[in-house]
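Engineer: Only the shape, not the letters, is given here:
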């Protein structure tokens with residue numbers, strides 16, 4: 001395994017850590033502002049919105065009616 005593989009793995013690890021930090025900061029802020037149920041509702045709303053956009057894109061890509 002060459003340097004390119006290791007640099008790719010390192011980049012993926014750095015990206016995962018940054019995404020985790022951003023998620024923890026956003027969820028912590030929502031928890032502090034709205035409490036547990038408000039933070040859970042906000043996280044659910046973000047996940048449902050992402051899923052809706054992803055499903056629409058996949059349906060369009062596959063040529064199915066959505």
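Structural biologist: In hand now; what should we look at? Note that the structure is a prediction, hence the values are computed from the model and not measured. Numbering: from 1, shown residues only.

Engineer: Helices of this structure, residue ranges please.
Structural biologist: In order along the chain, the chain carries the following helices (DSSP state H): 3-62.

Engineer: Any regions of it where pLDDT drops low?
Structural biologist: Residues of the chain that meet the criterion pLDDT under 70 lie in 64-66.

Engineer: make it 90
Structural biologist: Low-confidence segments of the chain, defined by pLDDT under 90, span residues 1-2, 58-66.

Engineer: Is it correct that residue 42 is in contact with residue 32?
Structural biologist: No. The pair residue 42 and residue 32 does not pass the contact test of C-beta atoms under 8 Å, sitting 12.0 Å apart. From N, CA and C alone the C-beta is placed, and that goes for glycine too.

Engineer: Which of those two has more residues huddled nearby?
Structural biologist: Using other C-beta atoms under 10 Å, the more surrounded residue of residue 42 and residue 32 is residue 42, with 17 against 10.

Engineer: Which residue, other than its chain neighbours, is closest to residue 41?
Structural biologist: Here the nearest residue to residue 41 in space, its sequence neighbours aside, is residue 34; by C-beta to C-beta, 6 or more residues apart in numbering that works out to 7.7 Å.

Engineer: distance of the one you found from residue 28?
Structural biologist: The span separating residue 34 from residue 28 equals 11 Å under the rule C-beta to C-beta, to the nearest Å.

Engineer: Count the residues that sit near the residue nearest to residue 41.
Structural biologist: 13.

Engineer: Against residue 57, how distant is it?
Structural biologist: According to C-beta to C-beta, residue 34 stands 30 Å off from residue 57.

Engineer: Equivalent analysis for residue 50, please.
Structural biologist: Looking at residue 50 against residue 57, where the rule is C-beta to C-beta, the gap reads 11 Å.

Engineer: ditto for residue 11
Structural biologist: Residue 11 sits 25 Å away from residue 57, going by C-beta to C-beta.
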